[in-house]
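[1] Predicted model, plus sequence, below.
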Amino acid sequence: MTFDIPHMIVTALIIFAVIYPLNHMTQFENMSKGRKVLITFVVLFVLLMILNLVWPYGSGV
């Protein structure tokens, strides 16, 4: 098992770049918590799927 540190860092940056703005957007203030979680999940799933298709974990830099 190898640890791909750059891949982990990019993944963490994507997660932060999605969660922070979504929690501070005014459009989401009136939404229920479940709907916010669903939107966050879908956005993260799509972005991380694209990351892993372009740069598979463990493939190196």
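    That came through fine.

[2] what residue ranges in this protein score low on pLDDT?
    Residue ranges of the chain with pLDDT under 70: 1-2, 59-61.

[3] Can you check which helix is longest in it?
    Ranked by residue count under DSSP state H, the longest helix found in the chain is helix 33-54.

[4] tell me what that one is packed against?
    When contacts are defined as 3 or more CB pairs under 8 Å, 6 or more residues apart in numbering; DSSP states H and E, helix 33-54 sits against helix 5-23. Bear in mind the C-beta positions are built from the backbone N, C-alpha and C, glycine included.

[5] Report the distance from the helix it packs on to the chain centre.
    Helix 5-23 sits 5 Å away from the centroid of its parent chain (CA atoms, centre = their mean, to the nearest Å).

[6] can you dump the C-alpha coordinates of the longest helix of the chain into PDB?
    Extracted C-alpha coordinates of helix 33-54, given in PDB (Å, rounded to 0.1, in the frame of the first residue of the first chain):
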ATOM      1  CA  LYS A  33     -30.200  20.600   6.400                       C
ATOM      2  CA  GLY A  34     -31.000  17.500   4.400                       C
ATOM      3  CA  ARG A  35     -31.100  19.300   1.100                       C
ATOM      4  CA  LYS A  36     -27.800  21.100   1.900                       C
ATOM      5  CA  VAL A  37     -26.200  17.800   2.700                       C
ATOM      6  CA  LEU A  38     -27.500  16.300  -0.500                       C
ATOM      7  CA  ILE A  39     -26.200  19.200  -2.700                       C
ATOM      8  CA  THR A  40     -22.800  19.100  -0.900                       C
ATOM      9  CA  PHE A  41     -22.600  15.300  -1.500                       C
ATOM     10  CA  VAL A  42     -23.500  15.500  -5.200                       C
ATOM     11  CA  VAL A  43     -21.000  18.300  -5.800                       C
ATOM     12  CA  LEU A  44     -18.200  16.500  -3.900                       C
ATOM     13  CA  PHE A  45     -19.000  13.200  -5.600                       C
ATOM     14  CA  VAL A  46     -18.700  14.700  -9.100                       C
ATOM     15  CA  LEU A  47     -15.500  16.600  -8.400                       C
ATOM     16  CA  LEU A  48     -13.800  13.800  -6.700                       C
ATOM     17  CA  MET A  49     -14.900  11.300  -9.400                       C
ATOM     18  CA  ILE A  50     -13.300  13.600 -12.000                       C
ATOM     19  CA  LEU A  51     -10.100  13.900  -9.900                       C
ATOM     20  CA  ASN A  52      -9.800  10.200  -9.600                       C
ATOM     21  CA  LEU A  53     -10.500   9.600 -13.300                       C
ATOM     22  CA  VAL A  54      -7.800  12.200 -14.300                       C
END
